[in-house]
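Enquirer: mind folding the following:
(one chain, ligands or ions: 1)
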Amino acid sequence: MGGAGITGRTRPTKVKKQASAAKRKRDDVDVEKLEAAVAALEPKTGVYKDFTDLPLSDPTKQGLKSCHFAVMTDIQSKAIPLALQGHDILGAAKTGSGKTLSFIIPVLENLYRLQHIGADAGLGALILSPTRELAIQIFDVLRKIGKHGHMFAAGLLIGGKSLESEREALTRMNILVATPGRMLQHLSQTAAFNVDDLKMLVLDEADRILDMGFQKDVDAIIEYLPKERQTMLFSATQSRKVSDLARLSLQDPEYVSVHAEDKSATPKGLTQNYIICPIEEKMDTLWSFIQASKKSKILCFFSSAKTVRFVYESFRHMQPGIPLLHIHGRQKQGARLDVTAKFSAAKNSCLFATDVAARGLDFPAVDFVIQVDCPDDVDTYIHRVGRTARYNREGRGVLFIAPSEEEGMLKRLEQKKVPIELINVRQKKKTSIKEQLQNMNFKDPAIKYLGQKAFMTHVKSLYLQKDKEVFKLKEYNLEAYAASLGLPGTPRIKFLQNDDSRQKKQASREKIEASEESEEDEVAKAAKPIRTKYDRMFERQNQDVLADHYKNLVRDGDDEAAADDFTGAGATNADDDFMAVKRRIPADSDDDEDFGIDETTDPAIPGGKVVNLAGASQPLVIDSNRREKLLKSKKKLLQFMDKGKKLVYDDEGNPHEVYELENEDDFKARGLPEEQRQKFIEQARQIVEEADVDDKAAAREKRREKLRKRREKERGEQVEASDDDEGGVELPDAGEDLLANFRADAEYSDEDDNEEEAPQLVEKKPKKWFQSDSEDDEGSSKKKRKKSKNARHVVEQPETLEDLEDMAARLLG
Ligand SMILES: Nc1ncnc2c1ncn2[C@@H]1O[C@H](COP(=O)(O)OP(=O)(O)OP(=O)(O)O)[C@@H](O)[C@H]1O
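Expert: Okay, the predicted model is just below:
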């Protein structure tokens with residue numbers, strides 16, 4: 001199991017049994033008293049300040065005492081009494097305000113009063129956390145409070161170990177702190193894992209857990225859990241919808257929010273500032289800030305793991321004089337835990353992190369939270385900044401905002417009541433590290449690679465940001481940003497180029513369209529009154545074949561008025577039945593020519609038009625623009641076309657209907673099929689041979705002609721060359737010319753020697769599909785070997801169609 005159980009004392013069995021029995025008796029009395037005291041609580045009216053004001057079991061009291069927790073925080077004093085009475089809770093309170101104890105104490109107490117203890121009792125409470133680190137932290141608090149006399153078996157289920165090793169221990173657990181993914185895995189794969197008796201479900205960082213990433217897992221987990229249970233949701237930012245609550249089957253939940261009374265959404269001891277920092281200045285500003293705060297504990301947030309790695313590696317190389325750490329989701333679990341432990345213990349340190357460290361983590365005494373990359377939304381801002389100024393401590397948050405992000409981001413922060421003030425960076429104290437980064441990129445390909453990756457991921461994350469009012473990709477100077485990372489050039493980003501080319505295409509399309517509208521059109525357009533969709537609708541011909549809802553638009557009694565109202569360009573006058581308004585298909589339209597369209601006027605449809613499509617079984621009635629458009633689509637027209645007939649072509653190429661074919665009896669009368677086939681092949685061979693003689697003669701003549709022309713040309717060139725060539729040798733200046741010369745030489749190399757075989761390419765070619773192996777072996781005479789040595793392998797290359805036929809005829813023969 002991922003964590004140690006709370007139980008685990010080793011005593012002789014007999015003594016143990018006696019002690020347990022005595023304890024049970026004591027507990028029974030204890031439990032009854034506690035039940036009564038809890039029932040007597042008045043959560044809404046009563047004032048409960050200290051933990052001692054609440055009816056808690058001795059082991060819990062002991063645990064709180066050992067941790068020196070005496071006075072309750074606001075959320076604790078409001079939520080714990082309600083939770084002890086078994087209410088469902090929706091708790092929202094600022095970061096660092098003590099939400100963890102608000103659910104840990106009720107979990108321990110309620111299970112204790114129910115005596116839901118021991119392996120047989122099964123799982124009594126499940127606490128879900130979005131990250132492993134937070135789960136570990138919660139488990140740690142649970143262990144600290146519970147280890148003074150509580151007998152529950154508690155476990156941590158966050159993965160990282162084999163399912164098998166967790167399986168057995170899992171079935172004995174009473175309280176589990178888990179990440180949703182791992183919990184679901186066990187629910188679906190560990191048969192003996194029984195959750196039917198679960199009494200309490202807690203979702204810490206609920207808004208994150210119910211978000212997209214975990215939604216499916218959480219929904220699936222809930223399917224396994226009994227509906228009758230107590231459910232508690234806690235988060236610093238609560239933006240849950242009713243649908244979420246329904247999914248979780250919350251019953252009349254109590255809303256416990258401590259934001260309402262206090263105007264700001266962030267802790268009192270927190271000072272919040274922002275600086276205007278273009279992305280290309282982030283590296284310099286951050287470096288300078290770290291240099292000026294070496295005696296502090298700093299937590300810096302970035303938007304991607306790649307940026308975290310690049311900044312960590314490059315700053316480390318530059319020896320900043322403060323221990324650097326980094327954490328992101330792509331690290332192994334062991335490394336992440338190591339980092340959180342180191343940063344928790346450190347006095348002065350700088351941790352570069354992604355949002356994996358933004359929620360819930362309780363690092364003691366963080367002085368600064370620097371949000372180097374603007375957070376996706378205000379909730380993320382609040383969670384990040386909440387890593388400092390925890391539980392009445394002081395702390396400071398600094399947000400880096402690019403000029404284009406300022407307006408949008410400030411608006412959103414204001415909406416969520418986040419008090420933040422602008423401060424300026426002292427330019428004198430700012431040092432540029434651009435050159436150092438450039439050198440590093442130059443010398444170390446690994447750094448350069450990281451830099452390129454960081455650049456691309458950052459740009460991609462800006463591109464994918466949902467809030468376009470804050471993140472306007474076009475406003476960032478990406479070239480300068482790449483240079484600020486020390487990169488030799490701006491990495492090419494595919495999606496941006498695709499976007500650009502898409503836009504360019506769109507623009508040029510629009511341009512073409514615009515230019516296609518000639519001046520004449522413009523004049524005509526200007527002269528025409530503007531026609532609306534309705535005008536066009538009532539201008540239609542063949543209104544009697546229109547859909548009913550069109551007809552319904554103009555009822556008998558309304559006709560005239562409607563005609564007046566809607567008189568458009570095509571309407572003649574009010575007396576005319578506008579259903580019969582003439583509609584013209586431009587006579588000069590040549591669209592139809594392409595499709596062999598024949599237009600007539602259908603007498604059955606007043607003013608209507610019938611188009612006879614070549615090959616179509618039925619004429620196509622044009623009764624709407626849609627149908628008219630259809631005439632332009634070959635594909636669509638196919639459905640109106642005749643499917644065609646089966647025809648058989650004779651030797652002269654004349655088509656015949658199938659029924660004209662010879663019947664079976666006649667065919668049989670002409671002899672056996674095999675004999676007929678042989679006869680046919682023989683006839684065909686004769687025909688081919690006869691044709692072959694003519695074809696060969698023609699081909700030879702053609703080749704001779706070609707050769708003659710070429711020689712004439714060469715002779716002419718030689719004369720020209722001797723005229724130009726006055727001593728020097730001119731080299732062909734383009735590779736292409738060289739290639740052309742080579743080809744010509746190769747093709748005709750043997751031509752003079754063997755006209756009959758020309759053209760031949762003296763070149764070894766891979767064996768063709770028509771060459772059998774025996775062909776190669778056949779006649780292993782010296783002569784053949786000699787020939788093959790000289791000419792290697794001679795393969796005819798048909799040049800003309802005649803050559804090809806010639807070759808084919810020889811092969812067939
Ligand atoms: N009653 C208390 N008295 C003293 N310290 C407390 C008390 N309750 C909580 N704390 C301390 O306050 C710190 C913050 O508590 P906790 O982590 O529960 O905050 P949180 O509200 O869950 O924060 P976040 O929203 O960031 O998760 C912890 O270090 C915890 O030990």
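Enquirer: where does the stretch 151-300 of the chain dip in pLDDT?
Expert: Applying pLDDT under 70 to the stretch 151-300 of the chain flags residues 212, 238-243, 246, 259-263.
Enquirer: what parts of it come near the ligand?
Expert: Proximity of the stretch 151-300 of the chain to the ligand, by Cβ under 6 Å from any ligand atom, involves residues Ala236. From N, CA and C alone the C-beta is placed, and that goes for glycine too.
Enquirer: the residue nearest to Val71 when sequence neighbours are not counted - how many residues pack around it?
Expert: Nearest non-adjacent residue to Val71, counting by Cβ to Cβ, 6 or more residues apart in numbering: Asp50, 5.6 Å away. For Asp50, the neighbour count with other Cβ atoms under 10 Å is 12.
Enquirer: how about Ser404?
Expert: Neighbour tally, Ser404, other Cβ under 10 Å: 17.
Enquirer: residues of the helix or strand hosting it that come out buried?
Expert: Element membership for Ser404 (DSSP states H and E) is helix 403-415. For helix 403-415, burial by neighbour count (16 or more other Cβ atoms under 10 Å) applies to 404-405, 408-410, 412-413.
Enquirer: list, one by one, the residues from this structure near the ligand.
Expert: So far as Cβ under 6 Å from any ligand atom goes, the chain lies against the ligand at 69, 71-73, 76, 93, 95-101, 236, 360, 362, 386, 390-391.
Enquirer: in helices, which of these appear?
Expert: Among these, the ones falling in helices (DSSP state H) are 76, 99-101.
Enquirer: what's the farthest-apart pair in the residues you listed?
Expert: Farthest apart among those by Cβ to Cβ are Gln76 and Thr100. That separation is 9.6 Å.
Enquirer: so the two - more neighbours on which side?
Expert: Remark: of Gln76 and Thr100, Gln76 carries more neighbours, 28 against 22, as counted by other Cβ under 10 Å.
Enquirer: contacts only, for that one.
Expert: 98, 101-102, 105 (Cβ atoms under 8 Å, 6 or more residues apart in numbering).
Enquirer: which of these lies closest to Asp284?
Expert: Nearest member of those to Asp284, counting by Cβ to Cβ, is Gly98, at 38.7 Å.
Enquirer: run through the residues that contact the residue lying closest to Gly181 once chain neighbours are set aside.
Expert: What sits nearest to Gly181 in space, not counting adjacent residues and going by Cβ to Cβ, 6+ apart, is Asp217, at 5.6 Å. Taking Cβ under 8 Å, 6+ apart as the contact definition, Asp217 lies against 180-181, 183-184.
Enquirer: where along the stretch 201-350 of the chain do the helices fall?
Expert: Taking DSSP state H, counting those that start in this stretch, the helices of the stretch 201-350 of the chain run over residues 206-209, 212-224, 242-247, 282-292, 305-317, 333-345.
Enquirer: okay, those in JSON lines with distance to Ser432 next?
Expert: Supplementary listing: those in JSON lines, determined by distance: least, Cβ to Cβ, whole Å:
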{"stretch": "helix 206-209", "distance to Ser432": "38"}
{"stretch": "helix 212-224", "distance to Ser432": "39"}
{"stretch": "helix 242-247", "distance to Ser432": "48"}
{"stretch": "helix 282-292", "distance to Ser432": "5"}
{"stretch": "helix 305-317", "distance to Ser432": "14"}
{"stretch": "helix 333-345", "distance to Ser432": "28"}
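Enquirer: pretty sure Gly155 contacts Val177?
Expert: Yes - between Gly155 and Val177 there is a contact under Cβ atoms under 8 Å: 7.5 Å.
Enquirer: who has more neighbours, these two?
Expert: Val177 (31 against 24).
Enquirer: can you report how many residues lie near the residue in the stretch 151-300 of the chain that the ligand sits nearest to?
Expert: Closest approach of the stretch 151-300 of the chain to the ligand (Cβ to the nearest ligand atom) occurs at Ala236, with a separation of 4.0 Å. For Ala236, the neighbour count with other Cβ under 10 Å is 26.
Enquirer: quick check: chain neighbours aside, which residue is closest to it?
Expert: Thr95 is the one closest to Ala236 (Cβ to Cβ, 6+ apart), at 4.5 Å.
Enquirer: which residues touch the one you found?
Expert: Thr95 neighbours (Cβ under 8 Å, 6+ apart): 236, 266-267, 382-383, 385-387, 390.
Enquirer: how close does it get to Thr52?
Expert: With the distance defined as Cβ to Cβ, to the nearest Å, Thr95 ends up 27 Å from Thr52.
Enquirer: now Leu210
Expert: Following Cβ to Cβ, the distance that separates Leu210 from Thr52 is 35 Å.
Enquirer: Phe302 now?
Expert: Phe302 is 44 Å from Thr52, where distance means Cβ to Cβ.
Enquirer: again, but for Asn194
Expert: 37 Å.
Enquirer: low pLDDT regions in the stretch 351-500 of the chain?
Expert: Across the stretch 351-500 of the chain, the ranges flagged by pLDDT under 70 are 495-500.
Enquirer: residue in it nearest to the ligand?
Expert: Using Cβ to the nearest ligand atom, the closest approach of the stretch 351-500 of the chain to the ligand is made by Tyr391 at 3.1 Å.
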